[in-house]
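A.B. asks: sequence and predicted structure below; questions after.
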Amino acid sequence: MNKTMIGLLATTTFATGALAQAPMPVVELTAGFHRIEAEVAATDQNRQVGLMNRKAMPPQRGMLFVFTEPRTHCMWMRNTHIPLSVAFLDESGAVLNIEDMQPQTDNSHCARKPARYALEMNLGWFAQRGLGPGARVGGLERAPRPQ
């Protein structure tokens with residue numbers, strides 16, 4: 001086990017049977033008429049851990065990944081127990097593409113164009129609300145800057 005892994009394990013605590021990291025900031029976002037409470041993963045550590053080891057997520061909750069620069073970022077589901085849909089967003093908050101992701105897999109799910117953000121929600125959340133490519137997510141300016 002390397003020093004980074006040991007440090008990460010030393011700074012985490014056990015909560016409800018799963019490893020938990022320090023709480024991330026939460027911002028309110030909108031997608032159409034829908035309100036989202038999004039935890040913000042704006043640091044390398046938070047982006048690497050994401051929603052790993054969680055067993056459930058309320059329907060209005062999600063996780064916003066804020067990247068340091070627009071690129072064709074990819075997501076995967078290693079150690080993630082919740083089926084998710086991820087929307088890749090450009091700098092203005094426009095949805096580029098949405099990918100459905102199955103738990104406990106290492107398949108890459110990538111932005112089709114350079115994305116500045118990725119928003120993970122419970123599987124099917126975007127489709128159930130009629131949101132697809134071109135839809136806009138508002139409130140991104142309230143998210144912490146990436147580190």
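C.D. replies: That came through, no problem. Residues are numbered from 1 along each chain as shown.
A.B. asks: where does pLDDT dip in this structure?
C.D. replies: Within the chain, the segments meeting pLDDT under 70 span 1-21.
A.B. asks: can you give me the helices in it?
C.D. replies: 3-10, 44-49, 125-128 (DSSP state H).
A.B. asks: so who does the spatially closest residue to R47 that is not a sequence neighbour touch?
C.D. replies: Excluding the flanking residues, the one nearest R47 by C-beta to C-beta, 6 or more residues apart in numbering is A41, at 4.7 Å. Every C-beta, even on glycine, is put in place using the N, C-alpha and C of the backbone. Counting by C-beta atoms under 8 Å, 6 or more residues apart in numbering, A41 makes contact with M24, R47, V49, G50, M63, L64, F65, V66.
A.B. asks: go on, G134?
C.D. replies: Neighbouring residues of G134 by C-beta under 8 Å, 6+ apart: A94, V95.
A.B. asks: isn't D44 up against Q147?
C.D. replies: Yes: between D44 and Q147 there is a contact at 7.1 Å, judged by C-beta atoms under 8 Å.
A.B. asks: of the contacts of A41, closest to D106?
C.D. replies: Taking C-beta to C-beta as the measure, D106 sits nearest to G50 out of the contacts of A41, at 13.8 Å.
A.B. asks: thinking again about what came up before, just the buried residues out of the contacts of A41, in PyMOL syntax.
C.D. replies: Filtering those down to the buried ones (16 or more other C-beta atoms under 10 Å) takes a single PyMOL command:
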select buried, resi 24+47+49+50+63+64+65+66
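A.B. asks: which of the contacts of A41 sits closest to A56?
C.D. replies: Set against A56, the nearest of the contacts of A41 by C-beta to C-beta is M63 (13.4 Å).
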